[in-house]
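K.L.:
Pasting the sequence and the predicted coordinates here, then a few questions.
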Amino acid sequence: MIAGYCWPHSGVAGDNIDLMVSADGGSCRVELLRIGADEQLVGSWEVATAEQPVPDDCATEGCGWTPTLQLEIDPAWQPGFYLVRLGGPEGEVAEAFFVVRAAEPGETLLVLSTSTWAAYNDWRGPSFYTGGHESSQQRPLPRGFLDKPDPHRYRVARFGQLPRPEVEEYFDNYSYWSAAAGWANWERLFVSWAERNGIQLDYATSLDLHHRPDLLDGRRLYISVGHDEYWSEAMRDHVESWVESGGAAAFFSGNTSFWQVRFGDNDRVIGYKLDFHLDPVMGTDAQHTVSTMWSDPLTGRPESEMTGVSFTRGGYAHCRRAPKGSGGYTIWRPDHWAFDGLRLIAGDVLGGEPVVVGYECDGCELALVDGLPVPTGTGGTPANFEVLGTAPAHLWETSEAPPGLPDSYVGELNWVTERLGGGDTPENRERFAHGAAVMGWFQRGLGEVFTTGCTDWAYGLEHDDVATVTRNVVGRHVN
């Protein structure tokens, strides 16, 4: 067995990052790589190791391991994502990570979805999907979260096209949950494309966004990529107030900010989700921070106020028991600045070949005006939100759950109708069953927000139409 983790998860030049390793065999090789346009080896060490005990409560309290190696962030190290690759004498492998933040703020900040990675982490204990309500970030992540083969092939929107034996072999080697969360699925693809196209990024974690109200100071563009599902109140406060004062947010992500979480002792992530009635803040002055979905009436703050869209009106696409659609967006307003350089007419499809509309998608309630979709303005979607593209999506009922989910699973369709529709009835399910992934844009205060409304946008970046839209969004705010 070999496993490891870093703490803290981010730092600037001069800060120390501790690497904790547990491994039998007496020693292991440590390689430190910066992952950008390519993998850059920063350093390597041979370190003595021992098997460190795994506490029964490590899922909530962390592992508490003794540091194996301390890394001081060199001023010469570029801002970015740093992968720690561990190799044992018998060929065992594992990964850990940390982020190097910029000493001085650049124009563009990418915040990695680390709170979501924690929610899906089931290393030696339950995740939020297998009965857990708290997740320590001071423990390893399962294999596949940080490094995996061919993410284009091994993604939720493609698994249904692969031979069953190949899928089973993949999940024999990588975590079942690694298809749903982690750097290796989305952010890595975006970062590689951005650096190859001359887009300079600064980096931070969810925890940085939570703890540092000045994190966005001096920036022009905030970027979210992939599956960015779990947000704290402070994370939202910091992004929304910054946009109000003139910042620009680009959500190249889906299922974004669907659940509210809190950070507890030692920065563990707290999320009661469907068990919100067990959350200790219920019945207190802090009840608005209850860790249920942001669109729940208990919070009074649907995520669509920040992003324009919500998973409650979207759902799943191009995967099990979900509409395949074209794989892309039907474009409705081709003259919008986001499509500059593309020869589109209303009704054309964008991103279909690489399947950008896959896995989890966000939308809004729509109406037709002169044949074009517009938001009805319900559910928190701003009245000035412009619908640029749509694609079909569907929230799962409990009976539609894919293999691997526990028996306690409650479908999002059932949950949304219960909390927003007034009761989980067949009639209410019909109201929310036919969702849509929605790409859109709106102005908020002095700033503005663009959203793709889908987790899988990054899978299309090697295609001209998707890349052009992305460059237009970034280039509108950054030189």
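P.N.:
The structure has been received and is ready for your questions. Residues are numbered from 1 along each chain as shown.

K.L.:
all strands for the stretch 351-479 of the chain, in order.
P.N.:
359-363, 366-369, 372-375, 386-393, 435-444, 447-451 (DSSP state E, counting those that start in this stretch).

K.L.:
Quick check: which of those strands is buried the most?
P.N.:
strand 359-363 (a mean of 31; mean count of other Cβ atoms under 10 Å). From N, CA and C alone the C-beta is placed, and that goes for glycine too.

K.L.:
Now do it and strand 386-393, the angle between them.
P.N.:
Angle of strand 359-363 versus strand 386-393, following axes from the mean of the first three to the mean of the last three Cα atoms, to 10 degrees, is 140 degrees.

K.L.:
just checking, what packs against strand 359-363?
P.N.:
Using 3 or more Cβ pairs under 8 Å, 6 or more residues apart in numbering; DSSP states H and E as the contact test, the elements touching strand 359-363 are strand 248-254, strand 310-317, strand 386-393, strand 435-444.

K.L.:
Let's see that with 10 Å instead.
P.N.:
On a contact count with 3 or more Cβ pairs under 10 Å, 6 or more residues apart in numbering; DSSP states H and E, strand 359-363 meets helix 156-159, strand 221-227, strand 248-254, helix 304-307, strand 310-317, strand 386-393, strand 435-444.

K.L.:
looking just at contacts, which helices and strands does whichever helix or strand comes after the first one meet?
P.N.:
Past helix 156-159, heading to the C-terminal end, the next element that is a helix or strand (DSSP states H and E) is helix 164-173. With contacts defined as 3+ Cβ pairs under 10 Å, 6+ apart, helix 164-173 has these neighbours: helix 156-159.

K.L.:
can you give me how far the helix it packs on is from the chain middle?
P.N.:
17 Å (Cα atoms, centre = their mean, to the nearest Å).

K.L.:
hmm, who's touching it?
P.N.:
For helix 156-159, contacts defined as Cβ atoms under 10 Å, 6 or more residues apart in numbering pick out 150-153, 166-167, 170-171, 179-180, 185, 227, 316-320, 322, 324, 327, 354-360, 402, 454-456, 459.

K.L.:
Name only those of the residues you listed that count as buried.
P.N.:
Buried subset of the contacts of helix 156-159 (neighbour count, 16 or more other Cβ atoms under 10 Å): 151, 167, 170-171, 179-180, 185, 227, 316-319, 322, 327, 354-360, 454-456, 459.

K.L.:
So which residues of the stretch 101-250 of the chain form helices?
P.N.:
Ranges of helices in the stretch 101-250 of the chain, per DSSP state H, counting those that start in this stretch, are 114-120, 156-159, 164-173, 187-196, 206-211, 233-244.

K.L.:
for the record, mean pLDDT for the last one?
P.N.:
So that's helix 233-244. Across helix 233-244, the average pLDDT comes to 98.

K.L.:
Likewise for the second one?
P.N.:
Within the predicted structure, the mean pLDDT of helix 156-159 is 95.

K.L.:
Can I get it as CSV, trimmed to CA atoms?
P.N.:
Written as CSV, here are the backbone C-alpha positions of helix 156-159 (Å, rounded to 0.1, in the frame of the first residue of the first chain):
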residue,chain,number,x,y,z
VAL,A,156,-19.2,9.8,-17.9
ALA,A,157,-20.5,10.9,-21.3
ARG,A,158,-18.5,8.1,-23.0
PHE,A,159,-18.6,5.1,-20.7
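
K.L.:
Buried residues in that helix, which are they?
P.N.:
Taking 16+ other Cβ under 10 Å as the criterion, helix 156-159 shows 156-159 as buried.

K.L.:
Export the strands of the stretch 351-479 of the chain as JSON lines, with columns for mean pLDDT and distance to residue 250.
P.N.:
What follows is those, written out as JSON lines (pLDDT from 0 to 100; distance: least, Cβ to Cβ, whole Å):
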{"stretch": "strand 359-363", "mean pLDDT": "98", "distance to residue 250": "14"}
{"stretch": "strand 366-369", "mean pLDDT": "97", "distance to residue 250": "22"}
{"stretch": "strand 372-375", "mean pLDDT": "98", "distance to residue 250": "19"}
{"stretch": "strand 386-393", "mean pLDDT": "98", "distance to residue 250": "13"}
{"stretch": "strand 435-444", "mean pLDDT": "98", "distance to residue 250": "10"}
{"stretch": "strand 447-451", "mean pLDDT": "98", "distance to residue 250": "5"}
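
K.L.:
ok, now which ones touch the closest residue in space to residue 334 that isn't next to it in sequence?
P.N.:
Counting by Cβ to Cβ, 6 or more residues apart in numbering, residue 344 is the residue found nearest to residue 334 once chain neighbours are left out, at 3.8 Å. By Cβ under 10 Å, 6+ apart, residue 344 lies in contact with 331-336, 350, 389, 465.

K.L.:
what does residue 47 give?
P.N.:
For residue 47, the contacting residues are 19, 21, 23, 27-30, 68-69, 86, by Cβ under 10 Å, 6+ apart.

K.L.:
Which strand residues bridge it?
P.N.:
Beta-bridge pairing for residue 47 (DSSP bridges): residue 28.

K.L.:
So for it, what's the pLDDT?
P.N.:
pLDDT, read off for residue 47, is 97.

K.L.:
Would you quantify the distance from it to residue 230?
P.N.:
Per Cβ to Cβ, to the nearest Å, residue 47 is found 33 Å from residue 230.

K.L.:
Kindly report the same for residue 181.
P.N.:
For residue 181 relative to residue 230 (Cβ to Cβ), the value is 10 Å.

K.L.:
what's the overlap in contacts for these two?
P.N.:
Common neighbours of residue 181 and residue 230 (Cβ under 10 Å, 6+ apart) are 113-114, 116-120.

K.L.:
quick one: which two of those residues are the most distant?
P.N.:
Using Cβ to Cβ, the two most remote members of the shared contacts of residue 181 and residue 230 are 114 and 120, lying 10.9 Å apart.

K.L.:
what do these two both touch?
P.N.:
Contacts common to residue 114 and residue 120, judged by Cβ under 10 Å, 6+ apart, are 141, 181-182, 230.

K.L.:
list the contacts for residue 342?
P.N.:
Taking Cβ under 10 Å, 6+ apart, one finds 331, 334, 348, 350, 464-465, 468-469, 472 in contact with residue 342.
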